[in-house]
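Trainee: output the structure for:
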Amino acid sequence: MWPTLLSLLSLGFCVSLRIWAAVGAYEKPSLSAWPSPVVPLGQTVTLRCHSRSPLKRFRLFKRDGTSLPKLQGYHVNTFTLGPVTREHAGSYTCSGGYRSPHSDPLQIVVTGVFTKPAISAHPGPLVQEGGHVTLRCHSLLSLDKFILHQENSTGHFQTQGETLPGGHASADFSIGPMTLGSVGSYRCYGSLSRSPYEWSAPSDPVDIVITGLSKKPSLSAQGGPAVRSGENVTLLCSSEPAFDQFHLLREGENLGRPLAGGRGPGGALQAEFPLGPGTPAHSGVYRCYGSFNHSPYSWSDPSDPLLLSVTGSTTSTCPSPMDAHTTEEAELLQERSSALYIILGFAIAFTSTSIFLAALVCHWCSTPNRKPEGDIAIIEGERQEDRAVSGVDSPAEDVIYAHLNLGTLSERLNTPTPLSPMHPFPEPSIYE
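Mentor: Below you'll find the predicted structure:
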């Protein structure tokens, strides 16, 4: 009896295997990639073929005809590709046997083949509920296709690129009406139509935020909105709703300072934004927003604008190295100028004295009669006759006393040289 029972069990097991094999042979498997079918150059990706077949042995095919040695032969349902190169980019399928149908194709994209493009939001990354925003992807290369990707989403948007003068290319993606499903971080890629699975490196992310879903906070400046340059500047954002974070923006530019708030003196939730010593670059229009941790891309209405004005400058008592260098140069120039002025003064005084002495000697030599002994007093003035004729009292006469060398004077008397008088008055009178 026992041999008969064992024979029946063996027969049933073999029939079950054949049934499962037949079912698996005609069931189409599915192929997936982990962590993502978009793989950067040099990274690895795992492909997994799913099927209800109990054999668990599958084959992997690359549909473009490229033969990769690692994909030949039978394998289990897991395949590892990498480090990936441009040759790994393409469309893949898997099957569970010779008679098993192939899975739907899976595209493996290799990124980093070209340099990254740039992405920007117009008119800005903050969009009110129901509004629209345009994301523009731009590249300096002559790429003819751009792909827009929303992080944490499996969907891709793509459009044909527009070639600009100079070989540049760009593409615009319109998003809206804005809802909570449209917000998030976006990146874009560029590629060529002849190699659709080879993409550029991803652009820097741009965060699209929806606003207006909560009441606005209030923004103020500690000490007032008008400060002098060098004074510490602190902005305060407060709100009655208990926001988890506050965001400060200046003229639409996100300063990247999300801060958790604390309770202020009046019990309202408050966050401080210290900007440091004020400079003219801090001047501008500021606004703040509030948000919650469970929806970081959903912000409140903006606060009323705050105009911050930083003017003037503070006086520093400690000179900088540049100031010291400038001061030393100024002192050196001043010393040089003083020395030049002193030399110039001496030269002028010496020249004036020389001219005066020369004029005086010439005046003495022009006198016709001189007494060779003793001191001679020369009195210059008008003649007595002239005074008597004019009848006018002349001013006090100028008297000049000179002590002459008698030897020298006697030699000049022996060889007189007629000289014209230099004095503008009439011929002087000589009194012994």
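
Trainee: C-alpha only now, for contacts and for neighbours.
Mentor: Will do.

Trainee: hang on, Asp304 packs against Val285?
Mentor: No. Here Asp304 lies out of contact with Val285, judged by Cα atoms under 8 Å, at a distance of 9.9 Å.

Trainee: count the neighbours of Ala89 for me.
Mentor: Neighbour count for Ala89, taken as other Cα atoms under 10 Å: 24.

Trainee: make residue 1 into 241 and carry on from there
Mentor: Done: numbering now begins at 241, and the last item shifts to Ala329.

Trainee: show me the contacts for it.
Mentor: Neighbour list for Ala329: 347-350, 437-438 [criterion: Cα atoms under 8 Å, 6 or more residues apart in numbering].

Trainee: which helix or which strand is home to Ser594?
Mentor: helix 561-605 (DSSP states H and E).

Trainee: please apply the same query to Phe483.
Mentor: Applying DSSP H and E, one finds Phe483 in no helix or strand.

Trainee: isn't it right up against Ser531?
Mentor: Yes. At 5.5 Å, Phe483 counts as touching Ser531 under the criterion of Cα under 8 Å.

Trainee: and the two? Which one has more around it.
Mentor: Neighbour totals were compared for Phe483 and Ser531, and Ser531 leads with 24 against 21 (other Cα under 10 Å).

Trainee: who does the more buried one bridge with?
Mentor: According to DSSP bridges, the residues that bridge with Ser531 are Gln485, Trp539.

Trainee: repeat that for Phe354.
Mentor: With DSSP bridges as the rule, Phe354 is bridged to Ser440.

Trainee: tally of neighbours for it?
Mentor: 17.

Trainee: same question, Gly421
Mentor: Neighbours around Gly421, by other Cα under 10 Å: 6.

Trainee: what does whatever helix or strand Leu488 lives in rub up against?
Mentor: Per DSSP H and E: Leu488 is located in strand 485-490. With contacts defined as Cα under 8 Å, 6+ apart, strand 485-490 is touched by 477, 494-501, 511, 513, 524-533.

Trainee: again, but for stretch 523-538
Mentor: 420, 423-424, 447-451, 453, 456-459, 477, 483-491, 539-550.

Trainee: mind giving me the domain split of this protein?
Mentor: If you go by automatic domain parsing, the domain ranges for the chain are 267-352, 355-450, 456-551, 588-670.

Trainee: in TSV, list these along with mean pLDDT.
Mentor: Listed next are the domains of the chain as TSV, based on pLDDT from 0 to 100:
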stretch	mean pLDDT
domain 267-352	82
domain 355-450	90
domain 456-551	87
domain 588-670	48
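
Trainee: ok, now how distant is Gly336 from Leu287?
Mentor: 14 Å (Cα to Cα, to the nearest Å).

Trainee: next: Tyr332.
Mentor: Applying Cα to Cα to Tyr332 and Leu287 gives a distance of 9 Å.

Trainee: quick one on the thing from earlier: more crowded one of Gly336 and Leu287?
Mentor: Set Gly336 next to Leu287 and count neighbours by other Cα under 10 Å: Gly336 wins out with 32 against 23.

Trainee: pretty sure the more buried one sits against Arg297.
Mentor: Yes. Counting by Cα under 8 Å, Gly336 touches Arg297, with 6.1 Å between them.

Trainee: ranges for the strands of the stretch 241-390 of the chain?
Mentor: 270-274, 278-280, 285-290, 299-302, 318-321, 330-335, 346-354, 358-362, 366-368, 373-379, 385-390 (DSSP state E, counting those that start in this stretch).

Trainee: count of neighbours near the closest residue to Cys334 other than its chain neighbours?
Mentor: Excluding the flanking residues, the one nearest Cys334 by Cα to Cα, 6 or more residues apart in numbering is Leu300, at 4.4 Å. For Leu300, the neighbour count with other Cα under 10 Å is 26.

Trainee: surely Leu300 touches Ser331?
Mentor: No. The criterion here is Cα under 8 Å, and Leu300 misses it with Ser331 at 10.8 Å.

Trainee: please spell out the PyMOL selection for the buried subset of the contacts of stretch 523-538.
Mentor: In PyMOL, a selection of the buried entries from the contacts of stretch 523-538 looks like this (16 or more other Cα atoms under 10 Å):
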select buried, resi 423+424+447+448+449+450+451+456+457+458+459+477+483+484+485+486+487+488+489+490+539+540+541+542+543+545+546+547+548+549+550
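
Trainee: pretty sure Phe301 contacts Tyr332?
Mentor: Yes. Applying Cα under 8 Å, one finds Phe301 in contact with Tyr332, separated by 5.6 Å.

Trainee: hmm, who's touching stretch 541-556?
Mentor: By Cα under 8 Å, 6+ apart, the list of residues contacting stretch 541-556 reads 451-461, 465-470, 518-520, 522-530.

Trainee: and what of stretch 271-280?
Mentor: So stretch 271-280 is contacted by 285-290, 324, 333-334, 343-352, 441 (Cα under 8 Å, 6+ apart).

Trainee: any of the residues you listed buried? List them.
Mentor: Buried, going by 16+ other Cα under 10 Å: 285, 287-290, 324, 333-334, 343-352, 441, out of those.

Trainee: what segments of the stretch 391-540 of the chain are helices?
Mentor: Here the stretch 391-540 of the chain has no helices by DSSP state H, counting those that start in this stretch.

Trainee: contacts only, for the closest residue to Gly416 other than its chain neighbours.
Mentor: With sequence-adjacent residues excluded and distances taken as Cα to Cα, 6+ apart, Gly416 is closest to His372, at 4.4 Å. His372 sits next to 414-418 when contact means Cα under 8 Å, 6+ apart.

Trainee: redo the residues you listed as a markdown table? Include neighbour count.
Mentor: A markdown table is the format used below for the contacts of His372 (neighbours: other Cα atoms under 10 Å):
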| residue | neighbour count |
| --- | --- |
| Ser414 | 12 |
| Ile415 | 15 |
| Gly416 | 14 |
| Pro417 | 13 |
| Met418 | 19 |
